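J.: kindly return the folded structure for what I paste below:
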Amino acid sequence: MEKSVIEKSMKPKQRSVQRLCCSVQNYDWGKIGPDSEVARLYASNSGSEIDPEKPYAEFWMGTHDSGPSFLIQKDANGMSMSLKEWISTNSNELLGHKVVQKWGSDLPFLFKVLSVRKALSIQAHPDKDLAKLLHKFMPSAYKDDNHKPEMALAITHFQALCGFITLEELKAVLDNVPEIVQVVGSEVANQVFDTTNEDGEDKVKSVLRLIFTQLMSATKEIVTTATTKLKNRLHMENQVRQLTEKEQLVLELERQYHDDIGVICAFFLNYVKLSPGEALYLGANEPHAYVFGDCVECMATSDNVVRAGLTPKHRDVKTLCSMLTYNQGCPEILKGVALNSYVTRYLPPFDEFEVDRCHLPQGESVEFPAVQGPSIFVVNFGEGIIYTSDFTGDINITQGEVLFVPAGTEIGITSASELHIYRAGVNSKSFKLP
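T.: Down below sits the predicted model:
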């Protein structure tokens, strides 16, 4: 009876654009108070005050239970309804039948804004098969059974560690960072030196897995001794030479996370710097850690993270070391594809999502054609007006506004000032597959 009342009350707005009230995560690594882009967005979105002493790390837009979004418009009983609940009342209309066929009656992506003050954990996300196992046997640590491919699109200059360096680069690291050899042992280090790319991909990956597992499994005592020696040596050498960017980063990581194996682990990973408007994507089982900056992030709807360093949270070193692909080389940097003068689209190799970046000068207009799946729009900066193909009246938008747009809805935007908007939607390439 209660469900039928809810469905009846929702019918007049089943296919209308909805304003959303979204969730914030105050993780310790977030930027503090008004310095945080997340804080500014959340304060505008929720009407709350920014706590100047509090970290604001992630702004979540979607249906995940760990940070759900709610419709600002109340139901017939004056109650707030979650986006997830509203979608479930008429998923074919709101998500589109192709999305429902493939992913069921829930939003297949989770949209976020991140403000990173200090490094996130050395981590990776499981594939679907591993996610199901982790959730089954450790549900308190792994809260859902989905995979979590993701993409980060830089709002500001953004830094990350991502993927393993090449074999030759690793040999140079072992030559120049004696503390690593002290941790893993000369026998393991020599196996790296004795391996060449001519030995084949499987052999290279096997050796990389061996040395990385040995490193990450080191005792706390060994790690403390090694990081202390490393810090002291780099400070001394800085008196007579310019430290490399990676060495400078390692010192900063050591300042943030004393005596942590993640500090040394950074030497094994590519140090990636994104300019605003550049993006990187991360598939399952790839090691990474965001280091600093603000970004828009989109992923499959999941919060599964396997961590092993640079974190006070639960560490699962054995799982992380066993799950990684051990692929080597720098990640692909996406520059996006221009759809028109104002909108750039970023298409990762994942079906669940794509992201559009719209920078609209004052007084200009742009259209987002109707698509076969749902979209979420977030206003990052400025103000303007949104009008839709099935909405009677204009929607005034300002910073922090978040809108859910049902499948099959055309959107037009006119800026009252310079306007920055990001859109997440289902990857358009997935609708072209047979």
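
J.: and the longest strand for this protein?
T.: strand 288-300 (DSSP state E).

J.: packing partners for that one?
T.: strand 109-116, strand 122-124, strand 150-154, strand 158-164, strand 269-274, strand 354-360 (3 or more Cβ pairs under 8 Å, 6 or more residues apart in numbering; DSSP states H and E). Heads up, the C-betas are built off the backbone N, CA and C, glycines and all.

J.: again, only using 6 Å
T.: Here strand 288-300 touches strand 109-116, strand 150-154, strand 158-164, going by 3 or more Cβ pairs under 6 Å, 6 or more residues apart in numbering; DSSP states H and E.

J.: and of those, who's closest to residue 376?
T.: Among the helices and strands packed on strand 288-300, the nearest to residue 376 by Cβ to Cβ is strand 109-116 (5.0 Å).

J.: list of residues touching that closest one?
T.: Strand 109-116 is contacted by residues 30-31, 36-38, 41, 58-62, 64, 290, 292-299, 301, 352-353, 376, 424 when judged by Cβ atoms under 6 Å, 6 or more residues apart in numbering.

J.: before we move on, what about stretch 384-399?
T.: Identification of contacts with stretch 384-399 by Cβ under 6 Å, 6+ apart yields 15-17, 44, 379, 381, 383, 409-416, 419.

J.: can we see that at 7 Å?
T.: Defining contact as Cβ atoms under 7 Å, 6 or more residues apart in numbering, one finds that stretch 384-399 is touched by 15-17, 40-41, 44, 370, 379-383, 403, 409-416, 419.

J.: distance from that stretch to the middle of the chain?
T.: Offset of stretch 384-399 from its chain centre (Cα atoms, centre = their mean, to the nearest Å): 28 Å.

J.: pLDDT of it, averaged?
T.: Stretch 384-399 carries an average pLDDT of 84.

J.: now the end-to-end length of it.
T.: One end of stretch 384-399 to the other measures 10 Å (Cα to Cα, to the nearest Å).

J.: which positions in it come out as buried?
T.: 384, 386-388, 391, 395, 397, 399 (16 or more other Cβ atoms under 10 Å).

J.: reformat those residues as CSV; add secondary structure and distance to residue 271.
T.: Output for the buried residues of stretch 384-399, formatted as CSV (DSSP: H, G, I helix; E, B strand; the rest coil; distance: Cβ to Cβ, whole Å):
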residue, secondary structure, distance to residue 271
384, strand, 37
386, strand, 39
387, strand, 44
388, strand, 43
391, coil, 46
395, strand, 42
397, strand, 37
399, coil, 32
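
J.: which one of those is nearest to residue 143?
T.: Nearest to residue 143 among the buried residues of stretch 384-399: residue 399, at 30.7 Å, using Cβ to Cβ.

J.: gap between that closest one and residue 378?
T.: 9 Å (Cβ to Cβ, to the nearest Å).

J.: cool, and residue 94?
T.: From residue 94 to residue 378 the distance is 18 Å (Cβ to Cβ).

J.: quick one: contacts for the closest residue to residue 283 other than its chain neighbours?
T.: Among residues not flanking residue 283 along the chain, residue 149 sits closest, at 5.4 Å (Cβ to Cβ, 6 or more residues apart in numbering). By Cβ under 7 Å, 6+ apart, the contact set of residue 149 is 282-284, 299-300, 350.

J.: residue 334 bridge partners, please.
T.: Per DSSP bridges, the residues bridged to residue 334 are residue 279.

J.: count the neighbours of it for me.
T.: Other residues within reach of residue 334, judged by other Cβ atoms under 10 Å, total 21.

J.: on that earlier part again, which of the helices and strands packed on strand 288-300 is buried the deepest?
T.: Stretch with highest mean neighbour count among these: strand 109-116 (a mean of 27; mean count of other Cβ atoms under 10 Å).

J.: show me what contacts residue 94?
T.: Contacts for residue 94 (Cβ under 7 Å, 6+ apart) come out as 87, 374, 406-407.

J.: hmm, back to that, distance of the residue nearest to residue 283 from residue 192?
T.: 30 Å.

J.: that older thread, mind putting the contacts of residue 149 into CSV with pLDDT, distance to residue 309 and neighbour count?
T.: Shown next, in CSV, are the contacts of residue 149 (pLDDT from 0 to 100; distance: Cβ to Cβ, whole Å; neighbours: other Cβ atoms under 10 Å):
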residue, pLDDT, distance to residue 309, neighbour count
282, 93, 17, 24
283, 90, 20, 19
284, 89, 19, 22
299, 94, 21, 28
300, 91, 24, 23
350, 94, 26, 23
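
J.: of these, closest to residue 139?
T.: Nearest to residue 139 among those, with distances taken as Cβ to Cβ, is residue 300, at 18.4 Å.

J.: is it true that that closest one touches residue 144?
T.: No - the criterion here is Cβ atoms under 7 Å, and residue 300 misses it with residue 144 at 9.9 Å.

J.: count of neighbours near residue 30?
T.: Neighbour count for residue 30, taken as other Cβ under 10 Å: 25.

J.: now it: closest residue in space that isn't a chain neighbour?
T.: In space, residue 30 comes closest to residue 57 once its chain neighbours are excluded; the distance is 2.8 Å by Cβ to Cβ, 6+ apart.

J.: for residue 350, which non-adjacent residue is closest in space?
T.: Nearest one to residue 350, counting by Cβ to Cβ, 6+ apart, is residue 149 at 4.3 Å.

J.: mind checking pLDDT for the one you found?
T.: So residue 149 comes in at 88 (pLDDT).

J.: please determine how far it is located from residue 349.
T.: 8 Å.

J.: next: residue 371.
T.: Residue 371 sits 19 Å away from residue 349, taking Cβ to Cβ as the criterion.

J.: higher neighbour count, these two?
T.: residue 371 (20 against 11).

J.: on the strand side of things, show who the most centrally placed residue in the chain bridges to.
T.: Central residue of the chain (Cα atoms, centre = their mean): residue 297, 4.1 Å from the mean position. Counting by DSSP bridges, residue 297 is bridged to residue 112, residue 152.

J.: what's it in contact with, if anything?
T.: Per Cβ under 7 Å, 6+ apart, neighbours of residue 297: 112, 114, 150-152.

J.: buried residues in stretch 198-214, which are they?
T.: 204-205, 207-214.

J.: mean confidence for that stretch?
T.: 97.

J.: leaving out chain neighbours, which residue sits closest to residue 230?
T.: Using Cβ to Cβ, 6+ apart, the closest residue to residue 230 is residue 179 (4.4 Å).
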